[in-house]
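Engineer: Give me a model of this one.
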Amino acid sequence: SYAPGLPRGANGLPHLRPPSNSPPAAPPLALSSAPVSAGGKLPGLDGLRALAALAVFVDHAEQTQEWVGLEHFDGNQMTSLGRQGVEVFFVLSGYLITLLLLRERARVGVVSLRRFYARRTLRIWPLYYVVVFILWVVLPWAVRFAPPPIDALSEIHTRTLGAAGDPRLSLYVLFLANFSFWLYPHVFCGAHLWSLGVEEQFYLVWPVLFRFVRRPLAVFGAIVAVKVGLHMAVEYHHELVSWFLSPDGTFLALEFSKMCHYEAMAVGAGAAYVAFHHADRVRRVAAAWWVQLLVWPLLYGCVWLAGWNQGFHGIDPITELPQLGYAVVVLLVSHSARRSWLLDHRAVTWLGERSYGFYMIHTFLMVLAMALLQRAHLDGLPAEHLVYYLVAFALSAGGAALSYRYFETPLLRLKDRYFAGGR
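Structural biologist: All right, here's what the predicted structure looks like:
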């Protein structure tokens, strides 16, 4: 959820010549299932990352304005917007990770778990733990200097952050923020890290299944299907489960299911199998003139359907349909020979490349933006919404740029130097 710290290039695997007694390598066509830009990236995917990050940003910006008592946009569509941005990140994660695993196995015959986990650790963990440090050490001290609305807003969340025995810290350190999300009060400016917990849990399980199980996608799909089935049983058959789950247990089971949202990764993994094994067919479809016209209505339709479903409680299977739509969009834009005027625009891909840092730090920077506007008494201007958005985005994008250049890029070079094998 973003789960944004995802692989940025799908064609970065080194070319290794197989031993003379090894079976023939996979056909070159299977290893290049999509057009690749000069930078070794699949087209359009950085743009999708940027759109997903902006969706989360808008949702959280409206929440921040609501929290301090300002007018804000509300409704089911706005409420679901940020969640759909995370869903796009999840689908991208399943797609790119699986595509890299398929290509590595085709090139060298086996997947290196050591290299995989080393690369994921260097990409995700350093910035994640910096943010956790800020949440638990810096933020409780800093909010004391914030204007009264923000200080009061943060009190229930931050006053216990440094207390001995706070169970949330242990869960966050162990990448179990999604468990903290439904067990305890939200961490001020840190609730969005629930998606990183889901990502890391996916990384923990999926490569191992891929390495040791003959039909990994079928097994992973079965695990996800069982989880969805249990969710449906709990939600729609309370009488059936009431004999072994209390009302509180039923509520927690539903929340747990929602916060362990692995279905989107399974959909992305399935799309990667389609891209790898049916590359020609996907390219032919992506080359059609109508594809570029289809992408935007499909994206809008998925977001609209998710918002409509959120307001029409009780049709939970519809939750999975937008994920299928996002997977179709990923396949089409990453296999199209035509560059998208928006998804491949330089400014959009710039943000997409820095989407992990943007996602990680935007929450407390947008609260800082609100504090600055209130200190300067600019929060009552006629254009206060626009001013707030401009300041919050400038701080978040600037912070993400600094993080990417001086913190993330050296780590990316380190992992590429010692654990080469595709990002």
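Engineer: ok, now which ones touch Leu135?
Structural biologist: Applying C-beta atoms under 8 Å, 6 or more residues apart in numbering, we find Leu135 in contact with Leu161, Tyr172, Val187, Phe188, Cys189, Gly190, Phe364. Yep, even glycine has a C-beta here, placed from its N, CA and C like the rest.
Engineer: and of those residues, the nearest to Arg215?
Structural biologist: Tyr172 (34.8 Å; C-beta to C-beta).
Engineer: And the helices in the stretch 201-350 of the chain, which stretches?
Structural biologist: Secondary structure of the stretch 201-350 of the chain (DSSP state H, counting those that start in this stretch): helices at 216-236, 238-241, 247-259, 263-277, 279-286, 291-311, 321-335, 346-353.
Engineer: what's the farthest-apart pair in the contacts of Leu135?
Structural biologist: Tyr172 and Phe364, at 14.6 Å, using C-beta to C-beta across the contacts of Leu135.
Engineer: More neighbours: which of the two?
Structural biologist: In this view Tyr172 and Phe364 are compared by other C-beta atoms under 10 Å, and Tyr172 has more residues nearby, 25 against 22.
Engineer: Can you pull out the residues in contact with the helix or strand hosting that one?
Structural biologist: Element membership for Tyr172 (DSSP states H and E) is helix 167-173. Identification of contacts with helix 167-173 by C-beta under 8 Å, 6+ apart yields 129, 132, 135-136, 161, 177, 179-180, 183-184, 187, 190, 193.
Engineer: go with 10 Å
Structural biologist: For helix 167-173, the surrounding residues in contact (C-beta atoms under 10 Å, 6 or more residues apart in numbering) are 128-129, 131-132, 135-136, 157, 160-163, 166, 176-181, 183-187, 190, 193-194, 196-197.
Engineer: Give the buried residues for that helix.
Structural biologist: Arg168, Leu169, Leu171, Tyr172 (16 or more other C-beta atoms under 10 Å).
Engineer: Then stretch 397-404?
Structural biologist: Quick answer for stretch 397-404 (16+ other C-beta under 10 Å): Ala397, Gly399, Ala400, Ala401, Ser403, Tyr404.
Engineer: Surely Cys142 and Leu365 touch.
Structural biologist: Cys isn't right for residue 142; it's Ala. No - using C-beta atoms under 10 Å as the test, Ala142 is too far from Leu365 to be in contact (11.8 Å).
Engineer: in stretch 400-416, what's buried?
Structural biologist: For stretch 400-416, by 16+ other C-beta under 10 Å, it's Ala400, Ala401, Ser403, Tyr404, Glu408, Leu411, Lys415, Asp416.
Engineer: end to end, how far does it reach?
Structural biologist: Length of stretch 400-416, first residue to last, C-alpha to C-alpha, to the nearest Å: 21 Å.
Engineer: any idea how far Met78 is from Thr64?
Structural biologist: Distance of Thr64 to Met78, given as C-beta to C-beta, to the nearest Å: 13 Å.
Engineer: about what we covered before: so between Ala142 and Leu365, which is more surrounded?
Structural biologist: Leu365 (21 against 17).
Engineer: For the more buried one, give me its contacts.
Structural biologist: Cys189, Phe358, Val391, Ala392, Phe393, Ala394, Leu395, Ser396, Ala397, Gly398, Gly399, Ala400 are the contacts of Leu365 under C-beta under 10 Å, 6+ apart.
Engineer: Kindly report the same for Leu176.
Structural biologist: Arg168, Ser170, Leu183, Trp194, Gly197, Glu200, Gln201.
Engineer: what about the fifth one, which helix or strand?
Structural biologist: Assigned by DSSP H and E, Gly197 belongs to helix 194-212.
Engineer: and if you look at Gln63?
Structural biologist: Applying DSSP H and E, one finds Gln63 within helix 45-67.
Engineer: Now that helix: buried residues?
Structural biologist: 45-65, 67.
Engineer: tell me what that helix is packed against?
Structural biologist: Judged by 3 or more C-beta pairs under 10 Å, 6 or more residues apart in numbering; DSSP states H and E, helix 45-67 is in contact with helix 76-108, helix 148-158, helix 291-311, helix 321-335, helix 346-353, helix 355-375, helix 384-403.
Engineer: Reformat these as JSON lines; add mean pLDDT and distance to Glu255.
Structural biologist: What follows is these, written out as JSON lines (pLDDT from 0 to 100; distance: least, C-beta to C-beta, whole Å):
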{"stretch": "helix 76-108", "mean pLDDT": "93", "distance to Glu255": "14"}
{"stretch": "helix 148-158", "mean pLDDT": "65", "distance to Glu255": "18"}
{"stretch": "helix 291-311", "mean pLDDT": "87", "distance to Glu255": "15"}
{"stretch": "helix 321-335", "mean pLDDT": "95", "distance to Glu255": "19"}
{"stretch": "helix 346-353", "mean pLDDT": "97", "distance to Glu255": "31"}
{"stretch": "helix 355-375", "mean pLDDT": "94", "distance to Glu255": "21"}
{"stretch": "helix 384-403", "mean pLDDT": "95", "distance to Glu255": "28"}
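Engineer: Mind putting these into CSV with distance to Ala272?
Structural biologist: Shown next, in CSV, are these (distance: least, C-beta to C-beta, whole Å):
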stretch, distance to Ala272
helix 76-108, 4
helix 148-158, 38
helix 291-311, 19
helix 321-335, 9
helix 346-353, 19
helix 355-375, 20
helix 384-403, 27
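Engineer: contacting residues around stretch 285-301?
Structural biologist: Contacts of stretch 285-301 (C-beta under 10 Å, 6+ apart): 34-35, 44, 48, 51, 84, 88, 278, 304, 321-322, 325-326, 328-329, 331-343.
Engineer: Among these, name the buried ones.
Structural biologist: For these, buried by 16+ other C-beta under 10 Å: 34-35, 44, 48, 51, 84, 88, 304, 322, 325-326, 328-329, 331-336, 339-340, 343.
Engineer: any idea how far Val68 lies from Val333?
Structural biologist: 38 Å.
Engineer: er, Ala191 actually
Structural biologist: Taken as C-beta to C-beta, the span from Ala191 to Val333 is 30 Å.
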